[in-house]
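# Here is the input, now give the coordinates:
(chains A and B)
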Amino acid sequence: GENVEQHPSTLSVQEGDSAVIKCTYSDSASNYFPWYKQELGKRPQLIIDIRSNVGEKKDQRIAVTLNKTAKHFSLHITETQPEDSAVYFCAAMGGAQKLVFGQGTRLTINP
Amino acid sequence: EPEVTQTPSHQVTQMGQEVILRCVPISNHLYFYWYRQILGQKVEFLVSFYNNEISEKSEIFDDQFSVERPDGSNFTLKIRSTKLEDSAMYFCASKEGVDYGYTFGSGTRLTVV
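Model (predicted):
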């Protein structure tokens, strides 16, 4: 089955700098790759997603890139703000219509 | 915006007791899921449900677990005899169709004592 690896597990950046989180997946049939932001004690919230027919997608300060050949995808957050501090999860979905999550990255934005 | 609703938000139960976690998915959604998240860990797949039957379940979803969609709106997860290690946040999710993403519920925090 699908396996998703996420790095780094923790990331600390200065406010205003960029943050990059990377994920790899194992199942070449996976075709949908969402990113979730989770604040303490709350549900995962979808922040951006990308499908396999697209290489890059951007929404304001957030962008995701996908390399299907290498089976990896990345989240980029620019001009980070304190409210970006949270745990971020990548995930992959294939034909089984089941999301498999990465281990999560705890992002801390230092003022 | 439509929401997935979960009740209760927090459940405390004694080891060995049965619990039922309830979810009301978004009304036109066709795929339903239960996930769990042990504190500080990743979100783990438990079971998926489509067309009134389980479509896939994980190794975690053993004979102590069951799911039901009893009345066309509710989607329940039952744990027959809870163990300490069942303590976690349980998330229900639903999605509209094949090319859609999930909507997660707000979760039920289960504490087994």
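# ok, and the closest non-adjacent residue to residue A:25?
residue A:92 (4.3 Å; C-beta to C-beta, 6 or more residues apart in numbering or on different chains). Glycine gets a C-beta too; all of them are placed from N, C-alpha and C.
# Helix or strand for the one you found, just tell me which one.
Here residue A:92 sits within strand A:86-93, counting by DSSP states H and E.
# Over to residue A:5?
strand A:4-7.
# In terms of secondary structure, what does that strand contact?
In this structure, strand A:4-7 makes packing contacts with strand A:19-25, strand A:86-93, judged by 3 or more C-beta pairs under 8 Å, 6 or more residues apart in numbering or on different chains; DSSP states H and E.
# now it, how far from the centre of its chain.
9 Å (C-alpha atoms, centre = their mean, to the nearest Å).
# Pull out the CA atoms of stretch A:83-90 and give them to me as PDB.
Backbone C-alpha positions of stretch A:83-90 (Å, rounded to 0.1, in the frame of the first residue of the first chain) are rendered in PDB as follows:
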ATOM      1  CA  GLU A  83      -0.200  32.400  12.800                       C
ATOM      2  CA  ASP A  84       1.400  30.000  10.400                       C
ATOM      3  CA  SER A  85       2.700  28.100  13.500                       C
ATOM      4  CA  ALA A  86       1.000  24.700  13.500                       C
ATOM      5  CA  VAL A  87       1.600  21.100  12.500                       C
ATOM      6  CA  TYR A  88       1.400  20.500   8.800                       C
ATOM      7  CA  PHE A  89       0.600  17.100   7.300                       C
ATOM      8  CA  CYS A  90       1.000  16.000   3.700                       C
END
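# Distance from the chain centre to that stretch, please.
From the chain centre to the centre of stretch A:83-90 is a distance of 9 Å (C-alpha atoms, centre = their mean).
# For it, list every residue counted as buried.
A:84, A:85, A:86, A:87, A:88, A:89, A:90 (16 or more other C-beta atoms under 10 Å in any protein chain shown).
# again, but for stretch A:24-42
For stretch A:24-42, using 16+ other C-beta under 10 Å, the buried residues are A:24, A:25, A:27, A:30, A:31, A:32, A:33, A:34, A:35, A:36, A:37, A:38.
# So which of these is the closest to chain B?
Set against chain B, the nearest of the buried residues of stretch A:24-42 by C-beta to the nearest C-beta is residue A:34 (5.4 Å).
# give me phi/psi at residue A:84?
Per-residue torsions, residue A:84: phi -80, psi -10 (degrees, to the nearest 10).
# Also residue A:18?
Per-residue torsions, residue A:18: phi -100, psi 150 (degrees, to the nearest 10).
# List the contacts of it.
Residue A:18 makes contacts with A:76, A:77, A:78, A:79, A:80, as judged by C-beta atoms under 8 Å, 6 or more residues apart in numbering or on different chains.
# One more: residue A:60?
Contacts of residue A:60 by C-beta under 8 Å, 6+ apart: none found.
# how much space is there between it and chain B?
19 Å (C-beta to the nearest C-beta, to the nearest Å).
# Repeat that for residue A:26.
15 Å.
# What residues does chain A have near chain B?
Within chain A, the positions adjacent to chain B are A:32, A:34, A:41-46, A:49, A:51, A:89, A:96-104 by C-beta under 8 Å from any C-beta of the partner chain.
# Now, of those residues, which are buried?
Taking 16+ other C-beta under 10 Å as the criterion, what is buried in those is A:32, A:34, A:43-44, A:49, A:89, A:96-104.
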